[in-house]
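[1] Predicted model follows, preceded by the sequence.
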Amino acid sequence: MKRAKMVLPLLLVAGWVMAQTSPDRPLKDKRQIAVQGCVSRSSGDYVLMQFDPGNSYVLHSANNIKLGDYIGQEVKVTGTKSPTLSDTSDAGRSAPSTTITVNSIRTISRECRQ
């Protein structure tokens, strides 16, 4: 029993020392984003709509994710954000200002709630 009490603190210290001496890990990309909302289609693009606070994002697929399988569902997407190129042909409509290249997607609900 005494031996077990001595081993635990030694393991904790060894783990801390290894973490301090391990090579630098890359910092998390500041463009990474995780967003929850409903997937729809608009002007040929997949769009993630948030009803509160009312944001929308253009979605681009990475890793062969089939975004069309998620239309009408509430999802959580994780990916890399970048500015959306604006298209002046829809002057009266406000277009999403951010594009998310989706690395992962998870269904929250099979139906969108508003």
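    In hand now; what should we look at?
[2] Do a quick rundown of the strands in the chain.
    Remark: strands assigned in the chain by DSSP state E are 32-42, 45-49, 56-61, 74-83, 98-109.
[3] What angle do strand 56-61 and the first one make with each other?
    Using axes from the mean of the first three to the mean of the last three C-alpha atoms, to 10 degrees, one finds that strand 32-42 and strand 56-61 are set 100 degrees apart in direction.
[4] just checking, what packs against strand 32-42?
    strand 45-49, strand 56-61, strand 74-83, strand 98-109 (3 or more C-beta pairs under 8 Å, 6 or more residues apart in numbering; DSSP states H and E). In this view, the C-beta of every residue, glycine as well, is placed from N, C-alpha and C.
[5] so which of the ones you listed comes closest to residue 32?
    Across the helices and strands packed on strand 32-42, residue 32 has its closest neighbour in strand 74-83 (6.2 Å, C-beta to C-beta).
[6] mind giving me JSON lines with the strands of the chain and columns for mean pLDDT and distance to residue 68?
    Formatted as JSON lines, those follow (pLDDT from 0 to 100; distance: least, C-beta to C-beta, whole Å):
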{"stretch": "strand 32-42", "mean pLDDT": "94", "distance to residue 68": "8"}
{"stretch": "strand 45-49", "mean pLDDT": "95", "distance to residue 68": "7"}
{"stretch": "strand 56-61", "mean pLDDT": "94", "distance to residue 68": "9"}
{"stretch": "strand 74-83", "mean pLDDT": "93", "distance to residue 68": "12"}
{"stretch": "strand 98-109", "mean pLDDT": "95", "distance to residue 68": "12"}
